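Participant: Sequence and predicted structure, then a few things I'm wondering about:
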Amino acid sequence: MDLEKINNYCKQFCDLTPEKEQLIKTIGSDLLPYLPAITEAFYAHLLAIDEAQLFVEGRVEALKKTHLEWLTSLFTKNLDDEFAAHLYHIGEVHVRVKLPADFMTGAITYLQQKIIHVAVYLYGNDPVKLLNVSQALNSLLGYNLQVMQLSYQQSMITAELSRFLNVTGISQKLFSNMVAAYNKKPKP
């Protein structure tokens, strides 16, 4: 896994430019006081969804703490390869706990609405700034989702391969050799 490549790809795809990253850092101190309320609203929202309750019940307080740390990091950390590694790890954890991939998309969408709402409250009197902030936030949250989804996809493939190898009794080395042999086979 090449985190530098993943980080650059996701930033480019989501249009998370250095200028937008700088704007995010600049507005971070304005947004930080609202993040605990956003986290509270997020978990209240999750608890109202039957399918989501299974993943959070009995762990809400611990999850709120982790969530707030991540949310805060969006505005306080450098969005470098180390940050991408952290996001990648989040995707891996979501696979381990068998969280459906669509939960990440729904969660980011919900959070985006709440954060944009705060941005409108803070910067609504300056339409140009509000537009720039909204675009930067959209790029930021899209970038987070994309890195986590790439990780999620790779982790799912790895988990499925592991199950396949366990069921069939084929070793990783034998499987790799079989794939290599197949890839060398001339195509008709």
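Facilitator: Looks like it came in fine.

Participant: Which neighbouring elements make contact with the helix ranked longest in the chain?
Facilitator: Ranked by residue count under DSSP state H, the longest helix found in the chain is helix 127-168. Under the contact definition 3 or more Cβ pairs under 8 Å, 6 or more residues apart in numbering; DSSP states H and E, helix 127-168 sits against helix 3-13, helix 18-31, helix 60-76, helix 81-96, helix 101-123, helix 172-184. (Glycine included, C-beta is placed from N, CA and C.)

Participant: Just checking the distance from stretch 172-182 to the centre of its chain.
Facilitator: Relative to the centre of its chain, stretch 172-182 is centred 32 Å away, using Cα atoms, centre = their mean, to the nearest Å.

Participant: burial of the residue lying closest to Leu3 once chain neighbours are set aside, as a residue count?
Facilitator: The shortest distance from Leu3 to any non-neighbouring residue, by Cβ to Cβ, 6 or more residues apart in numbering, is to Asp81 (4.6 Å). For Asp81, the neighbour count with other Cβ atoms under 10 Å is 16.

Participant: can you tell me which residues contact Asp81?
Facilitator: Leu3, Glu4, Asn7 (Cβ atoms under 8 Å, 6 or more residues apart in numbering).

Participant: and which of the residues you listed is nearest Thr168?
Facilitator: The nearest member of the contacts of Asp81 to Thr168, counting by Cβ to Cβ, is Leu3 at 31.6 Å.

Participant: does that closest one really touch Ala85, like I thought?
Facilitator: Yes - applying Cβ atoms under 8 Å as the test, Leu3 and Ala85 come out as touching, 5.2 Å apart.

Participant: circling back to that earlier point, out of the helices and strands packed on helix 127-168, which is closest to Tyr43?
Facilitator: Nearest of the helices and strands packed on helix 127-168 (Cβ to Cβ): helix 60-76, 5.6 Å.

Participant: Tell me how far the longest helix of the chain lies from the chain's centre.
Facilitator: The answer for helix 127-168 is 5 Å, by Cα atoms, centre = their mean.

Participant: what's the angle between that helix and helix 172-184?
Facilitator: 110 degrees (axes from the mean of the first three to the mean of the last three Cα atoms, to 10 degrees).

Participant: average pLDDT across helix 127-168?
Facilitator: Across helix 127-168, the average pLDDT comes to 85.
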